[in-house]
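Peer 1: Provided below are the primary sequence and the corresponding predicted coordinates.
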Amino acid sequence: MTLEFKEMNSLQQLPVLKEGSFVLRESEAIIKYIMDSRKIGEQYYPNNAKVRALINRYFGFHHSTFHPNLKTIMVDPCILAMNPEGLETFQTNCTEFENHFLGKKKYIAGDSFTIADIFAMNQFLTVKYVTVVCLTEFPVICEYVKRCLEMSVFQEVNQPLEEYYSWKRVPKWKENLKEQTDGWV
Ligand SMILES: N[C@@H](CCC(=O)N[C@@H](CS)C(=O)NCC(=O)O)C(=O)O
C-alpha cells in the first residue's frame with residue numbers, strides 16, 4: 001500500500017477514482033459519477049425517476065444488508081462451518097433478492113441492464129469465487145446470472161477472474177453441480 005494511496009483513502013479500501021485533482025471513493029458514488037460524466041450513462045443509469053428508484057432501492061439493500069452478510073461467509077470454509085447463522089441469513093437475503101428486488105423482471109430495474117446489476121453480479125460472482133456456497137437452490141438467481149453473463153462485456157470482465165481462480169481447489173460437490181448450472185456456480 002503506497003503512501004499516495006493512503007492519502008487518497010485513509011480507509012485503504014478500493015475502489016478510488018482519481019481524475020486530476022478530483023478524488024472520489026465509495027463504489028456507488030464512483031459508478032454514478034462515471035455514468036453522469038460519460039456518454040454510456042443514459043444506457044446504464046437512465047434519467048428516469050422510477051428506474052432510478054429501483055436502482056437506488058437495490059443499492060440500499062446491497063450496502064446495508066446483502067454485501068455485509070456475504071462478507072461473513074467469504075473465503076474460508078472453516079469460517080462457514082463456524083457460522084451457520086451467517087449462511088442462513090445470506091440465504092434469506094437471496095430469497096429476498098429473488099422475490100422482491102428481481103421479481104419477474106429481467107433485470108433489477110426492468111428490461112434493461114443497469115448499474116444495479118453490476119453490483120448484484122459482483123455479489124453472485126463473489127459467491128462463486130470466494131465461498132463454498134452453491135446457489136442452485138435459487139433458480140431465479142441462476143437464470144439471472146446466466147442472462148447477465150451472456151453479455152459480451154461480462155465475459156470480458158469475467159475471463160481474468162476465471163483464469164485467476166482456476167488454480168484454486170474447487171470443492172468436489174461444487175464441481176458436480178457445474179453441469180446443472182452451465183458451469184457458472
Ligand atoms: N463502502 C465501500 C466499501 C469498499 C470495500 O469494502 N472495499 C474492499 C474491496 S471490495 C476493500 O478494499 N477491502 C480491503 C479492506 O477493507 O482492508 C465502497 O462501496 O466502495
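Peer 2: Perfect, I can see it now. Residues are numbered from 1 along each chain as shown.
Peer 1: what about residue 10, is that helix, strand or coil?
Peer 2: Judged by DSSP: H, G, I helix; E, B strand; the rest coil, the three-state class of residue 10 is coil.
Peer 1: show me where pLDDT drops low in the chain?
Peer 2: Under the criterion pLDDT under 70, the flagged ranges of the chain are 75-82, 166-185.
Peer 1: can you tell me which residue is nearest the centre of the protein?
Peer 2: Among the residues of the chain, the one closest to the centroid is residue 122, at 2.0 Å (C-alpha atoms, centre = their mean).
Peer 1: Could you check how far that residue is from residue 32?
Peer 2: As judged by C-beta to C-beta, to the nearest Å, residue 122 and residue 32 stand 15 Å apart. Using the backbone N, CA and C atoms, a C-beta is placed for each residue, glycine as well.
Peer 1: Now name the helix or strand holding the residue lying closest to residue 41 once chain neighbours are set aside.
Peer 2: Of all residues not flanking residue 41 in the chain, residue 35 sits nearest, at 3.8 Å (C-beta to C-beta, 6 or more residues apart in numbering). In this structure, residue 35 sits in helix 27-37 according to DSSP states H and E.
Peer 1: Kindly export that helix (C-alpha atoms) in PDB.
Peer 2: In PDB, the C-alpha atoms belonging to helix 27-37 read as follows (Å, rounded to 0.1, in the frame of the first residue of the first chain):
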ATOM      1  CA  SER A  27     -18.200   2.500  -5.200                       C
ATOM      2  CA  GLU A  28     -21.800   3.700  -5.700                       C
ATOM      3  CA  ALA A  29     -20.700   7.400  -5.900                       C
ATOM      4  CA  ILE A  30     -18.000   6.400  -8.300                       C
ATOM      5  CA  ILE A  31     -20.200   4.400 -10.700                       C
ATOM      6  CA  LYS A  32     -22.900   7.200 -10.700                       C
ATOM      7  CA  TYR A  33     -20.200   9.800 -11.300                       C
ATOM      8  CA  ILE A  34     -18.900   7.700 -14.300                       C
ATOM      9  CA  MET A  35     -22.400   7.400 -15.600                       C
ATOM     10  CA  ASP A  36     -23.200  11.100 -15.200                       C
ATOM     11  CA  SER A  37     -20.000  12.200 -16.800                       C
END
